[in-house]
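K.L.:
Okay, predicted coordinates and the sequence, questions at the end:
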Amino acid sequence: MAKPELTETPMQGDPATTIFERSVEGRRAGALPEPDVPETPMDELIPKRLLRGKPAELPEVSEPEIVRHYNRISRRNFDLDTGFYPLGSCTMKHNPRLNERVAALPGHARLHPAQDPRRAQGALELMWRLCEALSEICGLPYVSLQPSAGSHGELAGLLLTRAYHADRGEERTKVLTPDTAHGTNPATVTMAGYEVVKLATNERGGIDLDDLRARADSETACLMLTNPNTLGLFDENITEIASIVHEAGGTLYYDGANLNAVMGRSRPGDMGFDIVHLNLHKSFSQPHGGGGPGAGPIAVSERIEPFLPRPQVVRRESSNGAEPAFDLDFDRPKSIGRLRGFQGNFGVFVRSYAYILSLGGDGLTEASETAVLNANYLLARMSEGRTGKFAPVAFDRRCMHEFVLSGAPAKKELGINTLDVAKRLLDFGMHPPTVYFPLLVDEAMMIEPTETETRETLDAFAEAIDSILAEAEDDPEVAQNAPYTTPVRRLDEVTANRRPIVRQPLSLS
Amino acid sequence: MTDDDRGRMLDAIGVGSVDELFEDIPADVRLDRPLKLPDGLPETEVFDRLAALASRNAHAEAEVSFLGAGMYDHYVPAIVDAITSRSEFLTPYTPYQPEISQGGLQAMFEFQTAMSELTGLPVSNAALYEGPSSVASAAYLALGATGRKKLVASRGVHPHSRESLVTYGAGYGSEVAEVDLDAGVTDASALADAIDDETAAVFLQQPNFLGAVEDVESLAQRAKEVGALVVVACDPVALSVLRPPGQCGADVAVGEGQPLGNRLDYGGPSFGFFCATEEHIRRMPGRIAGETTDVDGRRGFVLTLQTREQHIRREKATHNICTAQALNALAGIIHLSWLGKRGFVELGELLVRRTAYARERLAALDGVELLHQAPVVREFAVRLEAPVARVLERCAAEGIGAGYPLGRDYPEHEDGLLIALTERRSRADIDRLAEVLEKAIKESRANAPQAGTPGREAEDVPA
């Protein structure tokens, strides 16, 4: 196989220029309304020492220049609408555009969060109905929509755990997390003032029960678990795990990052979990936005309910036969309080509610079934031939919605590591899998195709990986130096860390 | 997916049915019935249902709204929608692969530059969830930086931020002491008394929740003396005219980013910003974009200082945040570019002048007096000589959202109303507010005749 020619692509020849570097004094885009009140000098209204001396150095650019600038840089992004994006644990499913349209309706988009609840009945009803749907999907009776993302939901979950134990007069100090956990789990444990206790993984990719039995004790506040876990494997011992933790007096927290595998098939509440967070930007199709916005509602069991964040959306039945009214309930004396301002990421709730209405119960179940079918199909394709040889599956089992390969043989025998495979994939117009996670798999590649991809796309991905490995059999340098066709090639992250340049020097030197 | 696809895929896997793929789920935790949710609907019907719900909300096109309290009905330029709805920005995730994420990374870098300009602090992250949780995140940074746990917050800080501080504090073991306001602004001597050498951070808000401009520099002094961090939560639009916190002794400036390019959305999604002095760069929460070069020497951008973050550092991370609000921060930098250096100042000055006009106009009304005389930017507080809830209801019946009642958050201001302006509220709107408010107060006074139905009152409005 011939080495790719290093001819500069047109985009590579176009140097990155920031909006600030396009600034020319005196240019502008937006115009404001003409002053219609007396133009009193500013320092007569606000004492001079409290006023800004010099204006902030914002760009001075025309509207066409702004549009061209951001369109131009947008083309330096790869995105889900352009190609396959099997980023494990991130559930990069299609984002229906209907959801954007309904979120933008003025009744949603221009509704002030402090509007009197009696005059925001549509919004509160939508939130209440979304809570009902999420409660049914999770198999847990109560939902708070307040957390802004999964990590925020995790923090809420551990603060709820703390409040629950405190209410029983107990102070517990430890939270159990398996070594396969997402990094947000241990980070949250520390932030919530607990100590992390790591649990070992057994040969089937689940929690090592003996290790769990040895570590679950009267100090245990909670077990945080993702099921299916980050290996894409459903822990078959879940009932046993739940009873060990509950017998020790701890709560059971379900990280809903992988809920897309089990909707309508199995419910965290039925597995014994007390608290679940859901990532609305994963299973419920909110666009990922280049790193947000998302939302991380939590569903909880009866015993956790008194501690839920406030306010809670409630439906109050009418006594005189009128329609029920929706309201915000602040009167929650045992609540952990607020985690953020106002009611949460409502715009995300609108999109997710529209998604749930579109799919219905059967559609959500089918989404999970197809996600699992797609992942198993891709795993079957990739277990054969070169990929099976050089990047075998880490745990040889049927997977759920994602699976993890180990590129260790490729590294040893071909001289290309997982990073090289990922970087070479960029030249194929595909987003790489999540790499080097979970940590217990050497040279890990975590692949989540989602339900919205076709068989042809999955085939093309399997073939791309195969050809990257074939290429490496001939000449590993091709992958080692990849990518070649992207707007920029491999970037110097070491210098960026040692001498961070995190802004342009303008009025601050 | 067609039956043919499914059949072929099952064959390739070597199973006879999709059910077999779920056999790892033990029978006792399988859901053996369909989800109790309605059947799926076609796009037209979903649209109609959502539109019907939306129509039951009194939004800012259905009334003239003077609601603020942290979120403001600014005009969002059309180009913000056009650019942020591009697939290239809307549908990727966090830029873990920088070679194919230069657009998002560069936008973060530009955003960081703009936020540093606004706050006068040299380091900005690429955004957190929203305002109040950013305030609580600043406390977490302060704990790490000082090794202390005590927090002191002015009651001028947004009630949602103070409540979030307490909620988060229950986790990392901090208590929050609150300091009262005096004449609308933070009581300087009470603040100084509340701070001691165990104080990790002092929290102020600029302008404060009652709209008053604080003298941050003076208030910061005591904290500086004892080595506590000064955290200032700011309205980014007010920073167009106010001295930036970085020049007033702030170590950290945070805030709610909604006024920059983000719609109200009943409270979110928006973004939180987080800026700090250089010494805290390795303790910052969240993503930070940094400039670098590629192997061929081309300029490029990467996520930098990632050893702070949860996906690398796990339990030793400086914060647990992963998904943040990248698209909302992009809206922020586009809006700021659209306003530009001059337009941003013009916006601030317009707000200050219209607010001065509104304040004077309302203070002259029978039954209204100013709650404080401190200087303000875009929001001010008044006292009403009639029950606030009743007045608000009457104003609403006339198509006016007169403001935010202060009673829930400030029991001592049961008669208080907070009134906010944006560039969308003209002098004519202010005059209309004055007219409607005066009438509503008159009709709501304790000795006024019992109100009729809102519909009948509406007929009394002069044409």
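P.N.:
All right, it came through fine. The structure presented is a predicted model; accordingly, all values stated were derived computationally and were not measured. Numbers count the residues shown, from 1 in each chain, chains lettered A, B, ... in the order given.
K.L.:
Show me what the helix or strand containing B:D11 is in contact with.
P.N.:
Using DSSP states H and E, B:D11 sits in helix B:3-13. Residues outside helix B:3-13 that contact it (CB atoms under 8 Å, 6 or more residues apart in numbering or on different chains): A:373-374, A:376-377, A:379-381, A:398, A:454-455, B:16-18, B:21. Where you see a C-beta, it was placed from the backbone N, CA and C, and this is true even at glycine.
K.L.:
nearest to A:L419, of the residues you listed?
P.N.:
Using CB to CB, A:L379 is the member of these that lies nearest A:L419, at 21.7 Å.
K.L.:
Now do the same contact list for the closest one.
P.N.:
A:393, A:399, A:403, A:447, B:13.
K.L.:
ok, which pair from these is furthest apart?
P.N.:
Going by CB to CB, the pair spanning those furthest: A:I447 and B:I13, at 15.1 Å.
K.L.:
Please give the per-domain residue ranges for the chain, including any split domains.
P.N.:
By default, I'm working from chain A. Listed domain ranges for chain A are A:1-76, A:139-355, A:361-494 (source: automatic domain parsing).
K.L.:
wait, I meant chain B there
P.N.:
Using automatic domain parsing, chain B is parsed into the domains B:64-73+B:342-459, B:78-335.
K.L.:
which stretches of the stretch 151-300 of chain B form helices?
P.N.:
Taking DSSP state H, counting those that start in this stretch as the test, the helices found in the stretch 151-300 of chain B are B:159-172, B:188-194, B:216-226.
K.L.:
ok, back up a step: for A:S243, which of the domains of chain B is the nearest?
P.N.:
domain B:78-335 (26.6 Å).
K.L.:
which parts of the stretch 401-509 of chain A sit against chain B?
P.N.:
Contact residues, the stretch 401-509 of chain A versus chain B (CB under 8 Å from any CB of the partner chain): A:422-423, A:426, A:431-432, A:434, A:437, A:454-455, A:481, A:483, A:486-493, A:495-497, A:500-504, A:506-508.
K.L.:
Which ones among those residues lie within strands?
P.N.:
A:T434 (DSSP state E).
K.L.:
Buried ones only from the residues of the stretch 401-509 of chain A next to chain B, please, as a PyMOL command.
P.N.:
Buried residues among these (16 or more other CB atoms under 10 Å in any protein chain shown), as a PyMOL selection:
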select buried, chain A and resi 422+423+426+431+432+434+437+455+481+483+486+487+488+489+490+491+495+496+497+500+502+503+504+506+508
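K.L.:
can you list the weak-confidence ranges in chain B?
P.N.:
B:447-463 (pLDDT under 70).
K.L.:
max-length strand in it?
P.N.:
Max-length strand for chain B by DSSP E is strand B:199-206.
K.L.:
so that strand versus helix B:159-172, what angle?
P.N.:
160 degrees (axes from the mean of the first three to the mean of the last three CA atoms, to 10 degrees).
K.L.:
Who are the packing partners of strand B:199-206?
P.N.:
Helices and strands touching strand B:199-206, by 3 or more CB pairs under 8 Å, 6 or more residues apart in numbering or on different chains; DSSP states H and E, are helix B:131-146, strand B:150-154, helix B:159-172, helix B:216-226, strand B:229-234.
K.L.:
Let me know the pLDDT of A:M1.
P.N.:
With respect to pLDDT, A:M1 has a value of 51.
K.L.:
Next, work out how far apart the nearest residue to B:E369 once chain neighbours are set aside and B:E414 are.
P.N.:
Once flanking residues are discounted, B:E369 sits nearest to B:R383: 5.1 Å by CB to CB, 6 or more residues apart in numbering or on different chains. Per CB to CB, to the nearest Å, B:R383 is found 9 Å from B:E414.
K.L.:
Repeat that for B:R445.
P.N.:
15 Å.
K.L.:
Ok, A:G169 next?
P.N.:
37 Å.
K.L.:
higher neighbour count, the two?
P.N.:
Of the pair A:G169 and B:E414, B:E414 is the one with more neighbours under other CB atoms under 10 Å in any protein chain shown, namely 15 against 6.
K.L.:
show me the contacts for the closest residue to that one other than its chain neighbours.
P.N.:
Of all residues not flanking B:E414 in the chain, B:G407 sits nearest, at 4.3 Å (CB to CB, 6+ apart). Each residue near B:G407 by CB under 8 Å, 6+ apart is listed here: B:388, B:413-416.
K.L.:
quick revisit: which one of the domains of chain B is the most hemmed in?
P.N.:
Neighbour counts (mean count of other CB atoms under 10 Å in any protein chain shown) averaged over each of the domains of chain B peak at domain B:78-335, with a mean of 24.
K.L.:
where does it sit relative to the chain's centre, distance-wise?
P.N.:
11 Å (CA atoms, centre = their mean, to the nearest Å).
K.L.:
For B:R49, what are phi and psi?
P.N.:
For B:R49, the backbone dihedrals are phi -60, psi -40 (criterion: degrees, to the nearest 10).
K.L.:
nope, A:A470 is what I was after
P.N.:
phi -60, psi -40.
K.L.:
same check, this time on B:C248
P.N.:
The phi/psi pair for B:C248 (degrees, to the nearest 10) is phi -110, psi 10.
K.L.:
My guess is it contacts B:K224. True?
P.N.:
No. The criterion here is CB atoms under 8 Å, and B:C248 misses it with B:K224 at 10.8 Å.
K.L.:
Can you lay out the domains of chain B as a markdown table showing distance to A:C222?
P.N.:
Below are the domains of chain B laid out as a markdown table (distance: least, CB to CB, whole Å):
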| stretch | distance to A:C222 |
| --- | --- |
| domain B:64-73+B:342-459 | 32 |
| domain B:78-335 | 12 |
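K.L.:
for these, which one sits closest to A:A472?
P.N.:
domain B:78-335 (18.9 Å).
K.L.:
Enumerate every residue touching residue 196.
P.N.:
In the absence of a named chain, chain A is used. Counted by CB under 8 Å, 6+ apart, A:V196 has contacts A:174-175, A:177, A:186, A:189-190, B:314-315.
K.L.:
nope, chain B
P.N.:
B:150, B:226.
K.L.:
And A:M271, by the same measure?
P.N.:
Counting by CB under 8 Å, 6+ apart, A:M271 has contacts A:227, A:238-239, A:242, A:254, B:29.
K.L.:
hmm, try it at 10 Å
P.N.:
A:139, A:225, A:227, A:234-235, A:238-239, A:241-242, A:252, A:254, A:262, B:25-26, B:28-29 (CB atoms under 10 Å, 6 or more residues apart in numbering or on different chains).
K.L.:
do the same with A:N229
P.N.:
Counting by CB under 10 Å, 6+ apart, A:N229 has contacts A:89, A:178, A:180-182, A:201, A:205-207, A:235, A:255, A:257-258, A:400, A:402, A:404, A:438.
K.L.:
Among the residues you listed, name the ones in helices.
P.N.:
Among the contacts of A:N229, no residue falls in helices (DSSP state H).
K.L.:
hang on, the earlier thing: mark which of the contacts of A:M271 are buried, thanks.
P.N.:
Buried members of those, scored by 16+ other CB under 10 Å, are A:139, A:225, A:227, A:234-235, A:238, A:241-242, A:252, A:254, A:262, B:25-26, B:29.
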